[in-house]
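Q: sequence-free structure coming up:
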Ligand code: ATP
């Protein structure tokens, strides 16, 4: 079901029980992952979750304490970084300031003593791919951040890797440029059929480009799945909270489909199987699933009452902040014009569909 996946092993990456600690502190814990040839996969998670360490182990800059890293069917444990069939684009582009764009891109091939004519041809081809061919003779300081980022990409592509590792390559770009680059990078990846393993802490970035997303926390994979799957079926409260804007409500299970919270009873059609009454759970409803109304909703529609504390216009959506009697903040988002005119300070209801309230069992904190 993964679009564009090439049917061979040359761009595949398999991680088997990969672990790595720094001193006593585990950075990556027992990671198993199969990345297919031609797939765009993102490692997504908060700062310190281990995504960069994982990427650096695939590149060969770090060595796992245990486990195996298999690229194109071969174990990489004894293969030095420069002999691995992977290339890395780093967060800091580290272009040579005194060299032109073309010289920067050619540098690696010169080191490998590739014939001059071939270098010229490959440099031009990779600059064309990253749409920088007209800047070949400039030096990096005369380029914008986005252009420098493209040169860094060209410098990696010139090696014709089967696997490209990207460590937050767009973090230095402003939002608009980043969104443009996301579209281009995705198109380029499709066109080349290269496997991309992309590290980011930005959920929007991961959702917009990836075939599959790996959500990490505490050095371990919390969930692996297609973008749609991660969004619609988060495996736990951490993943739910990391993707999209969630409202969380701590509650106790009363019976089948019924919870008790400090703002009253809540009903849901999404109770996980086998959760006994009395269990503490965390319920979650996305901001875009919440409707704010001045009239109480019909009987049987899940809702909480509150006071409208704020309305803000976010461009493509209106955001409403509602405070419940227990002091819980509820965020609702809707397209402008979708909600009746409301004034701050007014009593309101936050309502949603029965299936939009997910329920997660609370896991003991490690
Ligand atoms: P960020 O988004 O901030 O880069 P990350 O998810 O990429 O975070 P890592 O850089 O992989 O996280 O770090 C994982 C853990 O390992 C962190 O607790 C970090 O402090 C630790 N760590 C990373 N590199 C080293 C190192 N060279 N020496 C000691 N500890 C390290």
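A: On my side now, so go ahead. Please read all numbers here as calculations on a predicted model, not as lab measurements. Residues are numbered from 1 along each chain as shown.

Q: next to the ligand, which bits of the stretch 201-350 of the chain? Give me the list.
A: Residues of the stretch 201-350 of the chain that fall close to the ligand, judged by Cβ under 6 Å from any ligand atom: residue 201. (Each C-beta comes from the backbone N, C-alpha and C, glycine too.)

Q: quick one, phi psi at residue 92?
A: Residue 92 has phi and psi values of phi -90, psi 120 when expressed as degrees, to the nearest 10.

Q: the one 4 residues further on too?
A: Summarising the backbone geometry of residue 96 under the convention degrees, to the nearest 10, its torsions are phi -70, psi 120.

Q: same deal with the one 5 residues further on?
A: Note on residue 101: backbone dihedrals following degrees, to the nearest 10 are phi -60, psi -50.

Q: burial count for residue 338?
A: Each residue near residue 338 was counted by other Cβ atoms under 10 Å, and the total is 11.

Q: is it true that it lies in a strand?
A: No - counting by DSSP: H, G, I helix; E, B strand; the rest coil, residue 338 is not found in a strand; it is coil.

Q: quick check: closest non-adjacent residue to it.
A: Nearest non-adjacent residue to residue 338, counting by Cβ to Cβ, 6 or more residues apart in numbering: residue 318, 7.6 Å away.

Q: one more: residue 61?
A: Take residue 61 and drop its neighbours on the chain: the residue closest to it by Cβ to Cβ, 6+ apart is residue 81, 5.9 Å away.

Q: quick one: contacts for the one you found?
A: When contacts are counted by Cβ atoms under 8 Å, 6 or more residues apart in numbering, residue 81 is found next to 59, 60, 61.

Q: I'd like to know which of those are buried.
A: Among these, the ones that count as buried by 16 or more other Cβ atoms under 10 Å are 59, 60.

Q: which residue lies nearest the spatial centre of this structure?
A: residue 206 (3.3 Å; Cα atoms, centre = their mean).

Q: so for the lengthiest helix in the chain, what gets flagged as buried?
A: Longest helix in the chain, counting residues (DSSP state H): helix 175-192. Buried residues in helix 175-192, counted by 16+ other Cβ under 10 Å: 177, 178, 181, 182, 185, 186, 188, 189, 192.

Q: what of stretch 321-330?
A: For stretch 321-330, burial by neighbour count (16+ other Cβ under 10 Å) applies to 321, 322, 324, 328, 330.

Q: closest to residue 310 out of the contacts of residue 81?
A: Closest approach to residue 310 among the contacts of residue 81 (Cβ to Cβ): residue 59, at 45.5 Å.

Q: tell me how many other residues surround the residue in the stretch 201-350 of the chain positioned nearest to the ligand.
A: Nearest residue of the stretch 201-350 of the chain to the ligand, counting by Cβ to the nearest ligand atom: residue 201, 5.1 Å away. Close neighbours of residue 201, defined as other Cβ under 10 Å, add up to 18.

Q: again, but for residue 29
A: Residue 29 - counted by other Cβ under 10 Å - has 17 other residues nearby.

Q: so what's it up against?
A: The contact partners of residue 29, taken as Cβ under 8 Å, 6+ apart, are 19, 50, 218, 219, 220.

Q: ok, the second one to residue 21 distance?
A: Yep, that's residue 50 we're talking about. Taking Cβ to Cβ, to the nearest Å as the measure, residue 50 falls 10 Å from residue 21.
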